[in-house]
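>>> build me a structure from this.
(2 chains)
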2 protein chains.
Amino acid sequence: MPANLVVAQSGGPTAVINSSVCGIVAEAIQRGKIGGIYGAINGILGVLSEELVDLRQEDPDVLWNLRRTPSAALGSCRYKLGEREYARIIEVLAAHDVGYFLYAGGNDSMDTAHKVAKLAIEKRLDLRVIGVPKTVDNDLMVTDHCPGYGSVARFNAITARDASLDTEAIYTSDTVKIIETMGRDTGWITASTALATGDGLGPHLIYLPERPFVSDRFLNDVKSVYDNVGRVVVAVCEGLKDENGDFVKASQKGLDTDKFGHAQLGGVGDYLVGLVSEKLKIKARCDKPGTIQRVSMQCASAADLEEAYVVGHVAMSKAAEGESDKMVTLVRKRNDPYESETGLVDLEKVALRTKKVPDDYINEKGNFVSQEYLDYARPLIGEALPIYARLKKDRIKKLLPKFA
Amino acid sequence: MPANLVVAQSGGPTAVINSSVCGIVAEAIQRGKIGGIYGAINGILGVLSEELVDLRQEDPDVLWNLRRTPSAALGSCRYKLGEREYARIIEVLAAHDVGYFLYAGGNDSMDTAHKVAKLAIEKRLDLRVIGVPKTVDNDLMVTDHCPGYGSVARFNAITARDASLDTEAIYTSDTVKIIETMGRDTGWITASTALATGDGLGPHLIYLPERPFVSDRFLNDVKSVYDNVGRVVVAVCEGLKDENGDFVKASQKGLDTDKFGHAQLGGVGDYLVGLVSEKLKIKARCDKPGTIQRVSMQCASAADLEEAYVVGHVAMSKAAEGESDKMVTLVRKRNDPYESETGLVDLEKVALRTKKVPDDYINEKGNFVSQEYLDYARPLIGEALPIYARLKKDRIKKLLPKFA
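Model prediction:
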């Protein structure tokens, strides 16, 4: 009897992780030598508790529609397994004749997958484990980029473009707009707001956690753009840290003792709104899309959706061919027109590691990205951003003496 | 010589106010008896300072693309004119042979337009003034709804749907998601998150400023949903007020003296995150899309874009036919299939007035909207929301004794 497959999703949802599941299931069905096609509910927790669902019972149309459904249809988790739990995972997989375990997630999940693969060998369980890269954070090593990133980047590029148009429109109101993006440890997501630039739109300043945040320098930067342009659009990462390595946010400034639990309040964006208002006396406002940036199908990148499908498809295919303890990678073949292929890397080389935004992707002042970053990121967001009408605004001759 | 036209945009940008300008300009060009087609830069301030641009010099493709360009292409303002300034406005309009003044905006702008119309008569200036309704707040009297609302409603419905999927996906993390929407005085925008519901998605609780916000009741509501469903999605209006009529936000709770200007910090969403964490010990997170909700072309309603164009077109047409001191309204003819026509109302009847969400659109407990609201709002957001894949999740039989 052919062995069964378990697929599971882990970590933060994205716009495209279901597309990867669709790729896995499509390949498993087409290949014909896979037994049961099971989904684990809430990632590795579903394996642990035997909460497995039969994906062969699902309507094929629904399975296909996973390609256009954001979030994580099987449910996800953030959970670090203990030793006894790893042993139980192997027991469960053995009990259900599972020969293939495909895990879509980030660097923590790749560590989990790696440990499951190692333990399977130790326990003589005939199991192939393949990791499917997924993270909006784009911080997995080796792979050129991670499925999920192109879509969150497209969301943030469009958001920055829209926020910029909005800021430009209103005279004497909210002349500093701060956009807070996700990204706890790396600035990949924040950097993507730079893709909005063109036509005088997009952010003027971008701050990544790869550089320590210095308030005075920030205020000088803002003042300088304000004096020159009359408005400022700033993108900041929620994970910004100051020179002491502390998160930049309101809770550091004496508010963390408040009885209403304000340590969780604000965030860097709101904190900087306060700073700009207080120190520069300029009106500021913060947009913090939060979790919707990672699950917006409206702004999903077609290139990203496709690659997410492909890495799922390839993961199943490689597992069936006997590969194990590997993660599928994306390898950039060329930039224009953009083309990628897949590769494989040992899970050990990606587990628990973090790829920061490299130095040459950040400008010298540490307040914007470089052209190298733009060249890297542009193909990932798919088709060109919408072109907005920009009026020439030929002035009519004034006829009256100045009004005073 | 035919008289000239001045068109201006006012107040907060929207996804569709440029579509109204497109409608105005298209009708002015087609009609043939209009002289110069001028745009005022930054609303009435552009008239005051003679900052007028010649829209006949614009590329027709660019003008047409205004239909798909969010924000306010001519620039906007929030400005209350003084008596001397009104007199100057009339002077400027007279000097430039302006016979038609079309002003797109909300209830403040309708007041400005009304005063200009009255003063023109007093000063014997042959001027037709027509107001073009525009506000995401949907709070103009008489008109069934306001151009701009359908699009911000669609954005919030999609956002609530996405945020709901996101919250559902992750086990044991962020089990209370708070979505803070715009809306200073009325809850129309917040109410629109209810349009996300279906397939078990959408917010469980919705709080509008039309009802005083009582923390204990809110906490009970959240606790009750949490106990029943295991997660809670809550939509709140930035303009929520407590029983004393004070805004519900962090700054009320002893933080407003902070030297970093924290009175501006947070907002109701972040405040409630703190409250839920502190009082219920449940993890919570806030999404605050902020200004991007009003200018998202990705989520714009096709019905709204079309009606915005139509009200512009009709405004120009009515002005040319001799109407003045009126605002164009939208009148609902039928709901299914949805159909609307335009009407006219005296500017005086909409100026400075605010249409609140009526009682029968809010449920008895004051924590959700009614079916009447859903019936009212559904046609305004245009085509149906995207259908997401929902798996049946047929469980595989468990084979092992319970893990303990």
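
>>> the host helix or strand of A:Tyr271 near chain B anywhere?
Assigned by DSSP states H and E, A:Tyr271 belongs to helix A:268-275. Yes - Helix A:268-275 is in contact with chain B by CB under 8 Å from any CB of the partner chain, via A:Asp270, A:Tyr271, A:Val273, A:Gly274, A:Leu275. For the C-beta atoms, the positions are set from N, CA and C on the backbone; glycine is no exception.

>>> neighbours around the first one, how many?
A total of 26 residues lie near A:Asp270 under the criterion other CB atoms under 10 Å in any protein chain shown.

>>> quick check: the farthest pair among the residues of helix A:268-275 next to chain B?
Spanning the widest gap among the residues of helix A:268-275 next to chain B are A:Asp270 and A:Leu275, at 9.8 Å by CB to CB.

>>> point out where chain A drops to low pLDDT.
Scanning chain A for pLDDT under 70 picks out A:171-173, A:250-266.

>>> hang on, the earlier thing: tell me which of the residues of helix A:268-275 next to chain B is nearest to A:Asp174?
Closest to A:Asp174, out of all of those and judged by CB to CB, is A:Val273, at 9.8 Å.

>>> burial of that closest one, as a residue count?
28.

>>> what distance do you get for it to A:Pro289?
For A:Val273, the distance to A:Pro289 equals 15 Å [CB to CB, to the nearest Å].

>>> just A:Asp227 next, same as before
29 Å.

>>> pick out whichever of those two has more residues nearby.
Shown here are A:Asp227 and A:Pro289; by other CB under 10 Å, A:Pro289 has more neighbours (25 against 9).

>>> and the end-to-end length of stretch A:375-389?
Stretch A:375-389 stretches 25 Å from its first residue to its last (CA to CA, to the nearest Å).

>>> quick revisit: could the residues of helix A:268-275 next to chain B be laid out in JSON lines, adding distance to A:Gly183?
Formatted as JSON lines, the residues of helix A:268-275 next to chain B follow (distance: CB to CB, whole Å):
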{"residue": "A:Asp270", "distance to A:Gly183": "17"}
{"residue": "A:Tyr271", "distance to A:Gly183": "16"}
{"residue": "A:Val273", "distance to A:Gly183": "19"}
{"residue": "A:Gly274", "distance to A:Gly183": "21"}
{"residue": "A:Leu275", "distance to A:Gly183": "20"}
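
>>> ok, those residues vs B:Leu400, which is closest?
The closest of those, once distances to B:Leu400 are taken by CB to CB, is A:Asp270, at 48.5 Å.

>>> what about the strands in the stretch 101-250 of chain A?
All strands of the stretch 101-250 of chain A, identified by DSSP state E, counting those that start in this stretch, fall at A:128-133, A:170-171, A:176-181, A:205-207, A:232-237.

>>> care to break chain A down by domain?
A:4-147+A:298-349, A:151-294+A:358-381 (automatic domain parsing).

>>> now do the contacts for A:Asn335.
Applying CB atoms under 8 Å, 6 or more residues apart in numbering or on different chains, we find A:Asn335 in contact with A:Asp375, A:Pro379.

>>> so what's it bridging to?
On the basis of DSSP bridges, A:Asn335 is bridged to A:Tyr338.

>>> cool, and the one 10 residues further on?
Beta-bridge partners of A:Val345, counted by DSSP bridges, are A:Met327.

>>> surely it and A:Thr329 touch.
Yes - counting by CB atoms under 8 Å, A:Thr329 is a contact partner of A:Val345 at 5.2 Å.

>>> between those two, which is the more surrounded one?
Between A:Val345 and A:Thr329, counting by other CB under 10 Å, A:Thr329 is the more crowded of the two (24 against 18).

>>> count of residues packed around the residue lying closest to that one once chain neighbours are set aside?
Using CB to CB, 6 or more residues apart in numbering or on different chains and skipping the chain neighbours, the partner closest in space to A:Thr329 is A:Thr143 (3.9 Å). Per other CB under 10 Å, the neighbour tally for A:Thr143 reads 24.

>>> now swap in A:Val152 and tell me
Counted with other CB under 10 Å, A:Val152 comes out at 34.

>>> who's in contact with it?
A:Thr14, A:Ala15, A:Val136, A:Met182, A:Ile189, A:Ser192, A:Gln293, A:Arg294.

>>> what's the distance between it and chain B?
12 Å (CB to the nearest CB, to the nearest Å).

>>> residues contacting the residue nearest to the spatial centre of chain A?
Residue closest to the average C-alpha location in chain A (CA atoms, centre = their mean): A:Val136, at 1.2 Å. Contact analysis of A:Val136 by CB under 8 Å, 6+ apart lists A:Gly12, A:Thr14, A:Cys146, A:Gly148, A:Tyr149, A:Ser151, A:Val152, A:Met182, A:Ile189, A:Gln293, A:Arg294.
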